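Chemist: how would this look folded up:
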Amino acid sequence: MANKHKVRGIRGATTSADNIPEEIYIATRELLTKMVDNNAVETADIAAVFFSATPDLDSAFPAKAAREIGWLKVPLFCHVEINVPDSISRCIRILMLVNTGLEQDQINHVYLKDTVRLRDI
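Modeler: Residues are numbered from 1 along each chain as shown. Here you go, the predicted model:
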């Protein structure tokens, strides 16, 4: 029997070098690319992508990076991460919902730069 496709969440996080649009887009594109590559995701299988950014990243919408790589039909949503004391600064988090045959324990979540420590949270 073939694997049924289910909606699964792929988590990812990274940091931006600075609060300027191009740095936010560079960091976001890198993260999106690794999330897709590490999970063999086809753009047509992406159900939706949620982006959050810490309050110190307010010069651009991270979702614009997805549009720049051609995700024109994928539903995207940006919001501000809560401002927790001592949290990682200039942090971009992504929750990508995909239709996949992968099981939950086969999903490869991606944490880059200063966000590696988030994997245990």
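Chemist: so is the residue nearest in space to the middle of the chain in a helix, a strand, or just coil?
Modeler: Nearest to the geometric centre of the chain sits Ile94, at 2.7 Å (CA atoms, centre = their mean). Secondary structure assignment for Ile94 (DSSP: H, G, I helix; E, B strand; the rest coil): strand.
Chemist: thought it was touching Ile46?
Modeler: No: with contacts counted by CB atoms under 8 Å, Ile94 stays clear of Ile46, the gap being 11.3 Å. To be clear about C-beta, it is placed using only N, CA and C from the backbone, and glycine gets the same treatment.
Chemist: could you list the low-pLDDT ranges of this protein?
Modeler: The model of the chain has pLDDT under 70 over residues 1-3, 120-121.
Chemist: residue ranges of the helices in it, please?
Modeler: 21-38, 63-68 (DSSP state H).
Chemist: same list, the ones you listed, but as JSON lines with mean neighbour count and distance to Leu57 please.
Modeler: Shown next, in JSON lines, are those (neighbours: other CB atoms under 10 Å; distance: least, CB to CB, whole Å):
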{"stretch": "helix 21-38", "mean neighbour count": "19", "distance to Leu57": "6"}
{"stretch": "helix 63-68", "mean neighbour count": "18", "distance to Leu57": "12"}
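Chemist: turn the ones you listed into CSV, columns for distance to Glu103.
Modeler: CSV is the format used below for the helices of the chain (distance: least, CB to CB, whole Å):
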stretch, distance to Glu103
helix 21-38, 15
helix 63-68, 26
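Chemist: so which of these gets nearest Asn99?
Modeler: Checking these against Asn99 by CB to CB gives helix 21-38 as the closest, at 13.4 Å.
Chemist: run through who's touching that closest one.
Modeler: With CB atoms under 8 Å, 6 or more residues apart in numbering as the test, helix 21-38 has contacts from 10, 12-17, 41, 43, 49, 51, 53, 57, 59-60, 62, 64-66, 68-69, 92, 94, 96, 108, 110, 112-113.
Chemist: among these, which ones are buried?
Modeler: Taking 16 or more other CB atoms under 10 Å as the criterion, what is buried in the contacts of helix 21-38 is 10, 12-16, 41, 49, 51, 53, 57, 60, 62, 64-66, 92, 94, 96, 110, 112-113.
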